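[1] Sequence unavailable; structure follows:
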Ligand code: BGC
């Protein structure tokens, strides 16, 4: 098994915060649900024997929305090493940081087109810019693989209608939200309802609301509680932009405002859950005893927290599978083959039951 040590980056510069409606359902682009892929592929990975010498001269441009994102750091590191293992030369793989600014990223895409890259892998800053990006890249006759931030259904339909070499690789965020809700629902009302009002009193800390992952996780985590027959009460729903420091700040505010009424903290990702955990501990609260906390991603630190009982659970967002699938899709295009326009991947629920196994796979 390939072992890797990933550093955890602390994203610290985001300041955006806006109020999102409690319990408001979101209108989000539909992803093709239920696409099947293999379970966690941590120990897959190209061997040198599989390396294709025809790829050594091919140039790959990779645009990441922001390097200071824990999850995308795991993703891009795995993507680079897998591309190399498949036969690309390290010098021909250029990975750039969009610094969470669409104008910066659009300039980077222009430069890649001018340089004449053979294929582009793009994690858009704004998925709503996909239409413009696609037109540009397709116009330059370069195959395109979108990752992580899913363009909307109309945009994906265009790729199919025009038979373009454009696809999306990612997971269906509805599944991750549902799993978060199930982790909490499975505890049962009696264990959660510390204030005895018969409801699950929760706060929601959201990622970037432009991002369908944030929209769906917010909606489907709560839906899973309701589907389990539980009554819910949203105390607060705020935007933490996927950022740990923001997650800490928002959770600290809510704990001081709502005190012991906060029974569950839902975070759209693990970075914000790590921030929330800092706030919970600073407020003298104890996860598993008087509050519950769930995230998404399965960052190493968080999986260790699940084992230690300091975070209730998380959901493995399989960056190995997604990185490999996006590289494989790029290679297919370079070899003159086509891809499905939507290439999916399954999330995995992480609780004390399987956290040790997941940790072994990701570390
Ligand atoms: C991950 C987040 C990450 C975001 C970036 C999501 O799928 O769960 O941790 O910040 O992607 O777009």
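    Perfect, thanks for sending it. The structure displayed is predicted, hence computed values, not measured ones.
[2] For residue 286, list the residues it contacts.
    By Cβ atoms under 8 Å, 6 or more residues apart in numbering, the contact list for residue 286 reads residue 280. For every residue, glycine as well, the C-beta is placed using N, CA and C.
[3] From the ligand, how far off is it?
    25 Å (Cβ to the nearest ligand atom, to the nearest Å).
[4] Then residue 335?
    Separation of residue 335 from the ligand (Cβ to the nearest ligand atom): 28 Å.
[5] Could you show which parts of the stretch 251-363 of the chain are in contact with the ligand?
    269, 271, 296-297, 317 (Cβ under 6 Å from any ligand atom).
[6] wait, does the helix or strand where residue 214 lies contact the ligand?
    In this structure, residue 214 sits in helix 212-227 according to DSSP states H and E. Yes. Judged by Cβ under 6 Å from any ligand atom, helix 212-227 comes into contact with the ligand through residue 213.
[7] Next, the buried residues of the next helix or strand after that helix.
    Downstream of helix 212-227, the first helix or strand assigned by DSSP H and E is strand 232-239. The neighbour-count check on strand 232-239 (16 or more other Cβ atoms under 10 Å) flags 232, 234-239 as buried.
[8] pLDDT score for residue 54?
    Note for residue 54: predicted pLDDT of 89.
[9] Actually, residue 43.
    pLDDT, residue 43: 39.
[10] Low-confidence bits of the stretch 101-250 of the chain, can you list those?
    For the stretch 101-250 of the chain, no stretch is flagged by pLDDT under 70.
[11] Look at the residue of it found nearest the ligand and give its secondary structure.
    Taking Cβ to the nearest ligand atom, the ligand has its nearest neighbour within the stretch 101-250 of the chain at residue 242, 3.5 Å off. With DSSP: H, G, I helix; E, B strand; the rest coil as the basis, residue 242 sits in coil.
[12] List the contacts of it.
    Residue 242 is in contact with 11, 14, 69, 71, 207-208, 214, 268-269, 271-272, counting by Cβ under 8 Å, 6+ apart.
[13] Can you tell me, leaving aside adjacent residues, what's nearest to the residue of the stretch 51-200 of the chain found nearest the ligand?
    Nearest residue of the stretch 51-200 of the chain to the ligand, counting by Cβ to the nearest ligand atom: residue 71, 3.4 Å away. Among residues not flanking residue 71 along the chain, residue 297 sits closest, at 5.0 Å (Cβ to Cβ, 6 or more residues apart in numbering).
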